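S.K.: Here's my sequence, what's the structure:
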Amino acid sequence: MTLSLFRVDAHDSVATALHDLDAGTVATVGDVEVTLTRPIGRGHKIAVHALHAGDPVLKFGFPIGVAIADIAPGDHVHVHNVATALATSGDYVWRPHVHEAEAMVPATGFAGYRRADGRVGTRNEIWIIPTVGCVGRTGQKIAEIAGRRHAGRVDGVLALAHPFGCSQLGGDLDGTRSILAALAAHPNAGGVLLVGLGCESNQLDRLLAEIDPALHGRIRTVAAQVAGDEIEEGLVLVDALVEEAAKVERTPVPLSDLVLGVKCGGSDGFSGLTANPLVGRMSDAVTRAGGTAILTEIPEIFGAEQLLMDRALDEQVFDGIGALVNDFKRYFTEHGEPVSENPSPGNIAGGITTLEEKSLGAVQKAGHATVTDVLHYGERVRRTGLTLLEAPGNDAVSSTALTAAGATIILFTTGRGTPLGFPAPTIKIASNTPLAERKPNWIDFDAGQVLDKGMDQAAEALLDTIRAIASGKQTASERNGEREIAIWKRGVTL
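M.R.: Residues are numbered from 1 along each chain as shown. Down below sits the predicted model:
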């Protein structure tokens with residue numbers, strides 16, 4: 001029996017199984033024939049040629065770790081015989097390269113909401129943002145009533161509940177305030193109600209002071225301890241916000257007005273072969289058109305950071321990438337954790353062996369675009385092109401940070417699946433067809449078609465899906481009411 005395997009680069013020492021394999025299966029990779037020595041699952045790797053202990057193991061044309069035992073052709077290559085080679089910090093050399101984006105389908109636009117400051121939203125919603133977790137449920141009650149009351153007048157009324165805003169100190173509180181202020185400034189919000197309690201650390205006036213004064217006209221506030229009936233007073237304010245927001249209509253806008261956030265979660269052995277490079281095509285399409293793509297999950301670029309550094313716009317951006325990566329590594333080591341404490345159990349079950357392998361697959365979401373800026377957590381995009389944003393790999397925290405930074409669409413690739421959704425419309429992209437078929441209530445697009453139809457055809461289809469969702473079509477997570485935020489807590493709790 002001849003088996004279809006996928007080898008990314010001709011120099012790779014491993015190939016990926018496209019479906020479950022039995023021991024004794026004979027497979028051909030290029031001009032090499034191997035016989036499997038044991039059963040392996042789809043998405044897992046087999047050795048194309050012999051490796052000795054200490055040899056680098058290559059995938060994507062780069063080392064994903066080192067062999068810790070001799071490996072014969074046809075052997076299963078995974079955590080039992082490969083280990084990470086990551087260091088706790090890196091010394092990087094500025095060596096700029098010119099990278100051309102792959103050819104892409106015509107970059108036609110979408111129908112969006114043009115805001116007074118020139119930015120464009122893909123939704124026209126009212127966002128209710130609590131300053132503190134104590135009034136999170138209050139915000140949700142206001143949103144539930146107002147959503148029914150104003151159904152069809154705006155795209156929705158959304159409460160962004162969270163557990164923080166009090167008992168936080170210093171930079172930890174600053175981070176919470178920054179992320180909430182950035183969310184309040186988002187172009188998908190046609191109006192914002194800030195709901196405070198009154199005694200919290202994250203005071204309403206301090207939060208409002210962090211928001212651009214030019215946006216204050218679309219923001220209202222209510223303090224629960226001062227109000228008579230905080231829900232009724234909040235509803236009156238939301239009614240007024242809806243009246244103004246409902247006056248704005250969708251109009252045709254170019255693709256350059258789109259801000260893409262790119263994210264992967266629950267990755268598997270196919271993520272770096274199908275979904276992530278496909279999303280990279282979208283990053284290229286948007287940035288070539290003059291728009292913006294945002295890449296985050298800094299711990300999940302460890303081992304692949306040089307690929308991004310080589311595409312830095314200038315030496316200042318290069319230095320910013322290096323500092324961000326090394327600072328994040330120190331964040332791990334100062335807490336007594338190894339920098340390679342990844343991949344997750346789900347990633348390993350799906351065929352990912354080391355963090356280097358995960359990272360080399362993950363950075364493909366950035367395509368070939370030039371890195372034009374580096375942002376810290378809670379900051380908003382300042383430039384077109386590809387931006388690198390500080391945030392951890394956690395799905396909810398990093399996707400919230402992407403939204404706060406200004407992403408108006410999030411492309412979320414997954415090989416295992418997740419129902420989570422976030423304030424910006426979140427397009428779930430399955431790395432494999434079985435997941436897409438099994439979870440149509442979670443998944444918006446099947447990237448497994450890359451293996452059958454090719455990258456070009458899949459890219460056209462995904463760009464069409466993005467245009468439709470940017471123009472108002474709901475994602476699966478929106479239909480399911482999955483709209484969450486999570487804040488990165490880094491400090492002491494009182």
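S.K.: what about the helices in this structure?
M.R.: For the chain, the helices defined by DSSP state H cover 136-149, 170-184, 204-209, 230-245, 275-288, 305-309, 315-333, 345-349, 355-362, 395-405, 433-438, 450-453, 455-470, 476-479.
S.K.: For I410, name its beta-bridge partners.
M.R.: G261, T426 (DSSP bridges).
S.K.: Give me the contacts around stretch 343-355.
M.R.: 16, 41-45, 64-65, 77-79, 82-84, 86, 266-271, 299-300, 302-303, 339-340, 342, 357-358, 361, 415-416 (Cβ atoms under 8 Å, 6 or more residues apart in numbering). To be clear about C-beta, it is placed using only N, CA and C from the backbone, and glycine gets the same treatment.
S.K.: Equivalent analysis for stretch 312-332, please.
M.R.: Contacts of stretch 312-332 (Cβ under 8 Å, 6+ apart): 88-90, 92, 94, 96, 298-299, 301-302, 305, 308-309, 338-339, 341, 370-374, 385, 388, 390.
S.K.: in the stretch 351-494 of the chain, what spans have low per-residue confidence?
M.R.: For the stretch 351-494 of the chain, no stretch has pLDDT under 70.
S.K.: Using the record, which stretches count as separate domains in the protein?
M.R.: 2-83, 125-245, 255-479 (automatic domain parsing).
S.K.: Nearest to L494, out of those domains?
M.R.: domain 125-245 (4.1 Å; Cβ to Cβ).
S.K.: can you give me how far the closest one is from the chain middle?
M.R.: Relative to the centre of its chain, domain 125-245 is centred 24 Å away, using Cα atoms, centre = their mean, to the nearest Å.
S.K.: right, and Q364 touches T274 too?
M.R.: No - applying Cβ atoms under 8 Å, one finds Q364 not in contact with T274, separated by 10.1 Å.
S.K.: list the contacts for the closest residue to D55 other than its chain neighbours?
M.R.: The spatially closest residue to D55, leaving aside those adjacent along the chain, is A67, at 4.9 Å (Cβ to Cβ, 6 or more residues apart in numbering). By Cβ under 8 Å, 6+ apart, the residues touching A67 are 51-57, 81-82.
S.K.: Which of the residues you listed ranks first by neighbour count?
M.R.: Ranked by neighbour count (other Cβ atoms under 10 Å), the contacts of A67 have V57 at the top, with 27 neighbours.
S.K.: S4 versus that residue, what's the distance?
M.R.: 21 Å (Cβ to Cβ, to the nearest Å).
S.K.: go on, I71?
M.R.: 22 Å.
S.K.: So which of these two has more stuff around it?
M.R.: Counted by other Cβ under 10 Å, I71 and S4 do not tie: I71 has more neighbours, with 24 against 12.
S.K.: partners of that one in the sheet?
M.R.: According to DSSP bridges, the residues that bridge with I71 are L51.
S.K.: per-residue confidence for it?
M.R.: We have a pLDDT of 96 for I71.
S.K.: cool, A107 as well?
M.R.: pLDDT, read off for A107, is 61.
S.K.: just the one 10 residues further on next, same as before
M.R.: The predicted local confidence for D117 comes out at a pLDDT of 94.
S.K.: Nearest residue to it in space, please, no chain neighbours.
M.R.: A214 (6.4 Å).
S.K.: follow-up on the earlier one: for my notes, please list the helices of the chain in JSON lines and give distance to L194 and mean neighbour count for each entry.
M.R.: Formatted as JSON lines, the helices of the chain follow (distance: least, Cβ to Cβ, whole Å; neighbours: other Cβ atoms under 10 Å):
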{"stretch": "helix 136-149", "distance to L194": "9", "mean neighbour count": "19"}
{"stretch": "helix 170-184", "distance to L194": "7", "mean neighbour count": "21"}
{"stretch": "helix 204-209", "distance to L194": "6", "mean neighbour count": "16"}
{"stretch": "helix 230-245", "distance to L194": "10", "mean neighbour count": "18"}
{"stretch": "helix 275-288", "distance to L194": "31", "mean neighbour count": "26"}
{"stretch": "helix 305-309", "distance to L194": "36", "mean neighbour count": "20"}
{"stretch": "helix 315-333", "distance to L194": "30", "mean neighbour count": "17"}
{"stretch": "helix 345-349", "distance to L194": "37", "mean neighbour count": "17"}
{"stretch": "helix 355-362", "distance to L194": "35", "mean neighbour count": "28"}
{"stretch": "helix 395-405", "distance to L194": "15", "mean neighbour count": "26"}
{"stretch": "helix 433-438", "distance to L194": "39", "mean neighbour count": "17"}
{"stretch": "helix 450-453", "distance to L194": "43", "mean neighbour count": "16"}
{"stretch": "helix 455-470", "distance to L194": "27", "mean neighbour count": "19"}
{"stretch": "helix 476-479", "distance to L194": "23", "mean neighbour count": "18"}
